[in-house]
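Colleague: Coordinates for the following, if possible.
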Amino acid sequence: MNFSEHLTPNGFEPQALKECLTFHDSTKVKPYSSIKAFLRVGEYLDSLRGIEETSRNYRPFISEFEDLKDIDLPTMGFDALNADRISTRSYSKDGVFDRITVLSALKSACDTRIGYSSLSNTAEIGFRGYPSAGGLFPIDVYVLERTANGFNLGYLNAREHRLYHVHSFSAEDRIPLSKALCDGQKDLMANAKGVFIFTSVWERTIIKYGKQGYRFALMELGIVSHHIGMCLTAQKVASLHWGGGFDDLMGEQIGIDPRSETVGHLMWYGVADAE
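Modeller: Residues are numbered from 1 along each chain as shown. A predicted model of the protein is given here:
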């Protein structure tokens with residue numbers, strides 16, 4: 001009698017591990033390729049093109065916007081902040097919510113100071129409250145907010161400290177949005193106040209760092225989302241980092257060009273359900 005089909009395996013085979021390791025290996029800087037990589041980076045740093053591209057790490061929009069310059073940032077001790085941060089999977093649809101907390105979280109990801117290069121006295125180089133390889137900031141931040149009649153999509157211009165209105169979705173758009181976000185059994189679309197959408201504009205880092213730029217952009221997805229999430233926590237806003245969405249479908253919904261920009265991460269926010 002063959003009992004093997006009734007036995008529980010000791011572990012699971014790591015699917016596609018070989019492919020992942022192969023790709024990861026291609027993003028490394030190695031001794032025999034480091035000189036070429038360093039020369040590439042140096043040439044980019046010393047070029048007017050590099051300075052100008054670094055200064056234009058945002059999408060231009062001609063639409064209505066909200067100015068974030070006068071929005072206050074929260075103050076909270078790190079011990080308390082670290083203790084309060086949790087992942088919230090169930091939200092209260094009708095819970096009392098102050099939208100200013102979202103604007104404050106967005107402001108925390110804006111430029112905090114401006115510098116200039118010796119190659120140009122007009123190209124503004126922005127610096128923010130979180131690290132980015134080469135100061136290139138490949139991650140863009142969108143926010144999809146639930147309204148009384150549907151959903152509003154906004155884009156954060158971190159240089160200008162503005163939240164630009166991109167598109168308004170009607171209540172009928174909830175089904176395709178929910179499908180793209182894969183919001184699960186908790187019906188996050190109906191109960192959360194909104195979702196942050198983090199995209200990666202790959203060319204911003206790859207043009208300077210080659211394949212290693214892909215690694216840097218992925219690192220920054222985590223850095224930026226955690227940065228904004230902690231700002232929400234400091235204001236008693238519940239959040240949930242979400243990897244269950246469909247990148248391509250969500251990209252179609254927010255209207256980005258998949259040849260240069262893709263959705264990389266999502267984060268729900270709102271009022272935690274008391275239950």
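
Colleague: what's in contact with stretch 120-128?
Modeller: Outside stretch 120-128, the residues that touch it by CB atoms under 8 Å, 6 or more residues apart in numbering are 48, 51-52, 54-55, 57, 109-117, 135, 137, 158-159. Glycine gets a C-beta too; all of them are placed from N, C-alpha and C.

Colleague: Could you tell me which of those residues are located in strands?
Modeller: Asp111, Thr112, Arg113, Ile114, Gly115, Tyr116, Ser117 (DSSP state E).

Colleague: Sort the residues you listed by pLDDT and name the bottom one.
Modeller: The lowest pLDDT within the ones in strands among the contacts of stretch 120-128 belongs to Ser117, with 87.

Colleague: Which among the contacts of stretch 120-128 count as buried?
Modeller: Ile51, Thr54, Ser55, Asn57, Ala109, Cys110, Asp111, Ser117, Phe137, Ala158, Arg159 (16 or more other CB atoms under 10 Å).

Colleague: Report the contact partners of the second one.
Modeller: With CB under 8 Å, 6+ apart as the criterion, the residues that contact Thr54 are Ala123, Ile125, Gly134, Gly135, Leu136.

Colleague: Can you pick out the most distant pair from those residues?
Modeller: The distance between the two most remote of those (CB to CB) is 14.5 Å, for Ala123 and Gly134.

Colleague: coming back round to it: in the contacts of Thr54, which residue is surrounded by the most others?
Modeller: Neighbour counts for the contacts of Thr54, by other CB atoms under 10 Å, peak at Leu136, which reaches 24 neighbours.

Colleague: Might one say that it is in contact with Lys208?
Modeller: Yes - counting by CB atoms under 8 Å, Leu136 touches Lys208, with 6.6 Å between them.

Colleague: just for the stretch 101-250 of the chain, where's the confidence low?
Modeller: By pLDDT under 70, the weakly predicted segments of the stretch 101-250 of the chain are 184-186.

Colleague: where do the helices sit along it?
Modeller: 174-181, 188-191, 203-209, 212-233, 247-254 (DSSP state H, counting those that start in this stretch).

Colleague: what sits against the spatially closest residue to Ser132 that is not a sequence neighbour?
Modeller: Nearest in space to Ser132, with sequence neighbours left out and distances taken as CB to CB, 6 or more residues apart in numbering, is Glu220 at 5.7 Å. Applying CB under 8 Å, 6+ apart, we find Glu220 in contact with Tyr130, Ser132, Ala133, Phe137, Pro138, Ile139, Ser200.

Colleague: try it again with 7 Å
Modeller: Ser132, Pro138, Ile139 (CB atoms under 7 Å, 6 or more residues apart in numbering).

Colleague: Look up how far Ile114 lies from it.
Modeller: For Glu220, the distance to Ile114 equals 20 Å [CB to CB, to the nearest Å].

Colleague: Now Ala109: phi and psi?
Modeller: phi -100, psi 10 (degrees, to the nearest 10).

Colleague: Is it in contact with Val224, as I believe?
Modeller: Yes - the criterion here is CB atoms under 7 Å, and Ala109 meets it with Val224 at 6.1 Å.

Colleague: shared neighbours of those two, which are they?
Modeller: If you check Ala109 and Val224 against CB under 7 Å, 6+ apart, the residues they both contact are Val141.

Colleague: From the contacts of Thr54, pick the one nearest Ile35.
Modeller: Nearest member of the contacts of Thr54 to Ile35, counting by CB to CB, is Gly134, at 18.3 Å.

Colleague: mind listing what the residue nearest to that closest one when sequence neighbours are not counted touches?
Modeller: Nearest residue to Gly134, sequence neighbours excluded (CB to CB, 6+ apart): Lys208, at 5.7 Å. By CB under 7 Å, 6+ apart, the residues touching Lys208 are Val41, Tyr44, Gly50, Gly134, Leu136.

Colleague: from those residues, which is closest to Gln15?
Modeller: Once CB to CB is applied, the member of those that ends up nearest Gln15 is Leu136, at 32.4 Å.

Colleague: what about the nearest residue to that closest one once chain neighbours are set aside, distance to Ser178?
Modeller: Excluding its sequence neighbours, the residue lying closest to Leu136 (CB to CB, 6+ apart) is Arg204, at 4.7 Å. From Arg204 across to Ser178, the span is 30 Å (CB to CB).
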